[in-house]
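>>> here is a sequence with its predicted model. Questions after.
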Amino acid sequence: MGFPGTWMTESESVVYRVVPKCACSTIGQIMFYSDHGTFFDGDIHDAKGGMHKWALEDSHQPIIDNVRDHKSYAFTCVRNPYTRILSSFFDKICGIQRNGKRYRGNLVPMLIQKYGIEVGGDDGKQEFDQIQSFRRFLLFARDTIRWRRPMDPDIHWSAMSGHVSTFIVNGGAYDKIVWTEQFNEGMQGVLDNIETPHSIDLAQIPRFNESEGHGPKRAHPVEEYFDDLSMHLVYEIYKRDFQLFKYDFENPGNKMPIGEIDLDEVHAKLGD
């Protein structure tokens with residue numbers, strides 16, 4: 001199985017398990033800068049060099065050797081499940097992607113046909129009932145996760161605990177889990193524990209939000225997208241995420257964590 005979604009600096013100063021929709025573009029650029037003193041020119045997900053990534057064949061052995069022996073500080077980053085699934089909807093379903101096309105080809109036409117979703121027209125810019133369409137998308141996301149139909153779940157809306165667990169199950173251990181909502185504070189905690197060829201001043205780091213501008217702007221507060229049924233579906237899909245990463249299930253309008261993450265609990269519950 002190895003370590004899918006794992007990135008490591010070439011200097012092996014730090015190891016990071018990517019969780020989609022959780023500041024991964026910014027984290028990747030920070031790691032790249034910490035080794036090279038410059039940011040990667042483009043989307044860090046497209047980088048084929050300058051950093052070890054599990055997706056690159058030549059990086060497999062260095063990552064395995066490092067992670068299995070816990071040679072470097074290892075971390076990941078998580079986000080409130082309510083805002084994460086909303087972000088996935090606006091970016092991946094309503095938005096036009098970097099290549100100028102819809103995400104995953106025929107996915108959006110299938111959603112329009114089978115689930116009655118609207119996405120704001122061909123360019124994602126037209127008015128539509130965001131709340132109704134999002135709730136229908138939520139049914140689809142639940143179907144993919146619960147029954148793997150009409151397709152397997154996508155990495156952008158599958159549970160964070162699933163991404164986080166592969167690292168543990170295959171022999172890794174985390175030193176820190178950062179909350180997206182307290183990013184600077186959490187990332188500073190990572191930087192304080194590692195030595196990098198180039199120093200990082202987080203206050204000077206731009207936010208690399210590669211999904212921004214892909215889709216329509218959210219027209220309502222977060223909590224208005226989630227009625228009682230939607231909250232039930234979200235809990236069915238993301239129960240472990242709420243519990244392990246200490247987010248507030250009862251109040252979709254509160255994106256902030258409500259407790260401290262217990263790393264021992266995370267390793268115990270996601271390691272089997």
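Thanks, I have it.
>>> the closest residue in space to H198 that isn't next to it in sequence: neighbouring residues, count only.
Spatial nearest neighbour of H198, excluding adjacent residues (C-beta to C-beta, 6 or more residues apart in numbering): G37 at 4.3 Å. Backbone N, C-alpha and C define where each C-beta goes, glycine included. As a burial measure, G37 scores 11 neighbours (other C-beta atoms under 10 Å).
>>> per-residue pLDDT, G37?
G37 is assigned a pLDDT of 97 by the prediction.
>>> surely it and S199 touch.
No. Counting by C-beta atoms under 8 Å, S199 is not a contact partner of G37; they are 9.5 Å apart.
>>> do a quick rundown of the helices in the stretch 51-200 of the chain.
Applying DSSP state H, counting those that start in this stretch to the stretch 51-200 of the chain gives helices spanning 60-68, 81-88, 107-115, 130-147, 160-169, 183-191.
>>> which among those is found nearest to V222?
If you check each of those against V222 by C-beta to C-beta, helix 81-88 wins as the nearest, at 5.8 Å.
>>> from the contact counts, what lies against the closest one?
Packing partners of helix 81-88 (3 or more C-beta pairs under 8 Å, 6 or more residues apart in numbering; DSSP states H and E): helix 130-147, helix 228-245.
>>> any chance of those in CSV, plus distance to Q113?
Converted to CSV, the helices and strands packed on helix 81-88 look like this (distance: least, C-beta to C-beta, whole Å):
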stretch, distance to Q113
helix 130-147, 11
helix 228-245, 21
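>>> among the ones you listed, which is nearest C24?
Nearest to C24, of all those, is helix 228-245, at 15.7 Å by C-beta to C-beta.
>>> and that closest one, what does it pack onto?
Short answer (3+ C-beta pairs under 8 Å, 6+ apart): helix 228-245 packs on helix 81-88, helix 130-147, helix 160-169, helix 263-270.
>>> what comes up buried for the third one?
To tie it back to what came earlier, the one meant is helix 160-169. Neighbour counts over helix 160-169 (16 or more other C-beta atoms under 10 Å) mark 160-161, 163-168 as buried.
>>> tell me the angle it makes with helix 81-88.
Angle of helix 160-169 versus helix 81-88, following axes from the mean of the first three to the mean of the last three C-alpha atoms, to 10 degrees, is 100 degrees.
>>> check the longest one too.
Taking the same axes, to 10 degrees, one finds that helix 130-147 is oriented at 100 degrees with respect to helix 81-88.
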